[in-house]
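Asker: The sequence isn't on hand, but the structure is:
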């Protein structure tokens, strides 16, 4: 018996929130079998689930392990649904270049932000860690990114973020990119000081910030 | 210019308008706790202003203050700019005068064989002072009786000096104090950043030397000893501290690949470094293992004889950085992990250092009522690291905190003691655990503990796995450091910082940075041996392991 479309998407969203990978795969398969639109299922099911997980994270109900388990479920569902996306339905996704600044190798926070941005529909180019400032700019140009996201855990390396902004200014391309920053020693004040476009305290808020920076929906 | 007066210190200073209160305090030599070094992220630097003064500042960063605090006139010192004459009240939590500092550590049978040797030449009536075979200098008359050395444990937060009679190995006296560098920058990374230019390095270096001289002078004076009869000093401390103490830029420690500029195992001239002992006195720096496993750990290895122990022994120093060394029949491997400042009571809503008013012990009895011990036996004003681990550990053990770190919902559970359920109260819509009327634990605080203990546990898991050792095969676990000394094994296991298989194998060995340094001082042969041992230590860079993320995340749960 076939449940209604909206109901199925809701169940899919719930499965992600409940960290249930098997159920997510099962429901994703059902979406295909029942002939519903894969893109819509991702948007209203998987992404919606991650959005809710992000909210729970912000409310301190979920912590990093839960968030990661939700994302495991989401990615498993994505593997099922992605091959069935009709080419034109995806639309244009905003691109984000992300990485940990030069001198720092701590990337757990960056990885979380990456997951949350991806699940919110951004196309994320992950440069990795210990990344020289110029590489962020080069990559952003190359892929025509909208956002450059910089992360660091160490007080000693945070000045590299300002360097990225300096390079953008020198090349007169500052207004083509939004720069967002985050990490342990980073604060809103620091973001203001170096002229970044935004700071977010955690991965869930980073999604909201990124959406705001590109002007509404991702 | 604006005049700022700090109370209760009653110190005043004139500063330019736009200066922050924190900056003014630093200039005036008033200590305001600032763990994040004024980044505006920790909220620990709050001070109170009277109504009139509030009109003469620009205050930001209010998100770290509760509504009540705001009403009472609290502002964050680092985020508040001065625009007129003000009076600043530094809260009592900020007073570190009662801080607990540990000046004892495990040691072993040390045979007396100091580097410093004195020989009296009767015909010339001269006493020659030797360092090994090298003659350091001469003194008129027979001064053989007066032969002293000192060790300095340079902690990031605290300093301990011990003065020792080199003729018989006895301790003359000890002195402890706060590391004056902490006024400018609290944690190691902030200190590296502060010292990245010549001016900053100069402030760090001279401040430290000045304090060490003062402390040595204090002990010498009360023992009736002349500082001129102190001939050798051992500096023990983490890699950054050793850099700063020897006026070496620690900049490279703050950036990958984290390469120390100096590796210890070296002698310096006391005179050149303005250390006020014999003019021909020397300073020995023990060998350093890596940027984040320093001379303090090498001293600890020596003091605990880890490099000689049969079987499998794990040595851990729990602090802002968790340093760990595993010895497999004397073969050593080391690692360090960034635990963050939670264990020092920082980043915790009611967190504070282990000073007066801090809850240092917490227990739930069999009726569900709680017992606490407060440093100074006064009313509790906050929670220090050991108290924090006790609290979280007990709450986990009694089901108040779930495996995933969440508080249980008091409305949907009936497995708890009513006395505990009552303490789960909502503040600003979020569950907190009330300890006293003033002191509570928030969900966010539990998260901080999870992150800190997860980092150390992940380091342990990694070290063991890398060596192919099962947790059950570990024979002995040594917890070093003055913080560790105040912890209880039960709490460490309850929160999962240590695997439960370690139960019964844990030993707290105290300040082995100091006791190991003393061993270096009293027997010169340990120096060469440890230098050799350090060369063969394998250092695991955890961040470079692909799976470290996964292990870390797994270790976050209780």
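Answerer: Cool, the structure landed. Keep in mind that what you see is a predicted model, and the values were worked out from it rather than measured.

Asker: And the lengthiest helix in chain A, what's buried?
Answerer: The longest helix of chain A (DSSP state H) is helix A:64-81. Going by neighbour count (16 or more other CB atoms under 10 Å in any protein chain shown), the buried part of helix A:64-81 is A:64-78, A:80-81. Using the backbone N, CA and C atoms, a C-beta is placed for each residue, glycine as well.

Asker: just stretch A:150-158 next, same as before
Answerer: So for stretch A:150-158, counting by 16+ other CB under 10 Å, buried means A:150-158.

Asker: what's the offset of it from the middle of its chain?
Answerer: 19 Å (CA atoms, centre = their mean, to the nearest Å).

Asker: how far does that stretch stretch from start to finish?
Answerer: 9 Å (CA to CA, to the nearest Å).

Asker: Could you see whether chain B lies near it?
Answerer: Yes. Looking at stretch A:150-158 against chain B by CB under 8 Å from any CB of the partner chain, the contacts come from A:153-157.

Asker: I'd like to know how many residues surround residue B:257.
Answerer: By the criterion of other CB atoms under 10 Å in any protein chain shown, residue B:257 has 11 neighbours.

Asker: quick one: secondary structure of residue A:148?
Answerer: Under the three-state scheme (DSSP: H, G, I helix; E, B strand; the rest coil), residue A:148 adopts strand.

Asker: which residue sits closest to residue B:209 in space, ignoring its chain neighbours?
Answerer: Spatial nearest neighbour of residue B:209, excluding adjacent residues (CB to CB, 6 or more residues apart in numbering or on different chains): residue B:274 at 5.4 Å.

Asker: what's the closest non-adjacent residue to the residue of chain A found nearest chain B?
Answerer: Using CB to the nearest CB, the closest approach of chain A to chain B is made by residue A:156 at 2.7 Å. Excluding its sequence neighbours, the residue lying closest to residue A:156 (CB to CB, 6+ apart) is residue B:254, at 2.7 Å.

Asker: How about residues contacting the helix or strand where residue B:359 lies?
Answerer: For residue B:359, the element it lies in under DSSP states H and E is strand B:358-364. For strand B:358-364, contacts defined as CB atoms under 8 Å, 6 or more residues apart in numbering or on different chains pick out B:100, B:345, B:352, B:354, B:370-375, B:380-384, B:386-387, B:390-391, B:394-395, B:397-398, B:417, B:420, B:435, B:439, B:486.

Asker: Report the strands that pair with that strand, each with its relative direction.
Answerer: strand B:370-374 (antiparallel), strand B:382-383 (parallel) (DSSP bridges).

Asker: Mean confidence (pLDDT) on that strand, please.
Answerer: Average pLDDT, strand B:358-364: 95.

Asker: buried residues in that strand?
Answerer: B:358-364.

Asker: same question, stretch B:341-350
Answerer: B:341-350.

Asker: repeat for stretch B:296-310
Answerer: Quick answer for stretch B:296-310 (16+ other CB under 10 Å): B:296-307, B:309.

Asker: anything in the longest helix of chain A sitting right up against chain B?
Answerer: Yes. Using CB under 8 Å from any CB, helix A:64-81 reaches chain B at A:64-66, A:68.

Asker: list the helices and strands that helix packs on?
Answerer: The helices and strands touching helix A:64-81, judged by 3 or more CB pairs under 8 Å, 6 or more residues apart in numbering or on different chains; DSSP states H and E, are helix A:5-17, helix A:21-33, helix A:48-58, helix A:108-119, helix B:548-554.

Asker: ok so the residue of chain A closest to chain B is a helix residue?
Answerer: Yes. Residue A:156 forms part of a helix when assessed by three-state DSSP.

Asker: Quick check: which ranges of chain B have low pLDDT?
Answerer: B:37, B:61-63, B:92-101 (pLDDT under 70).

Asker: Show me how the record splits it into domains.
Answerer: Chain B breaks down into these domains under automatic domain parsing: B:2-94, B:116-298, B:299-339+B:450-554, B:342-447.

Asker: go on, chain A?
Answerer: A:5-89, A:95-213.

Asker: Give me whichever of those domains is most buried.
Answerer: domain A:95-213 (a mean of 21; mean count of other CB atoms under 10 Å in any protein chain shown).

Asker: pLDDT on it, on average?
Answerer: Rounded mean pLDDT across domain A:95-213 is 95.

Asker: How many neighbouring residues does the one residue in chain B that gets nearest to chain A have?
Answerer: Here chain B gets closest to chain A at one residue, residue B:254, 2.7 Å apart by CB to the nearest CB. Residue B:254: 23 surrounding residues under other CB under 10 Å.

Asker: Tell me which residues touch the residue positioned nearest the centre of chain A, please.
Answerer: Centroid check for chain A by CA atoms, centre = their mean gives residue A:117 as the closest residue, at 0.8 Å. Neighbouring residues of residue A:117 by CB under 8 Å, 6+ apart: A:96, A:98, A:124, A:149, A:206-207, A:210.

Asker: Now it. Nearest residue, chain neighbours left out?
Answerer: Closest to residue A:117 by CB to CB, 6+ apart is residue A:124, at 5.2 Å.

Asker: Is it correct that that neighbour is in contact with residue A:114?
Answerer: Yes. If you go by CB atoms under 8 Å, residue A:124 and residue A:114 touch, sitting 5.2 Å apart.

Asker: Perfect, I'm done here.
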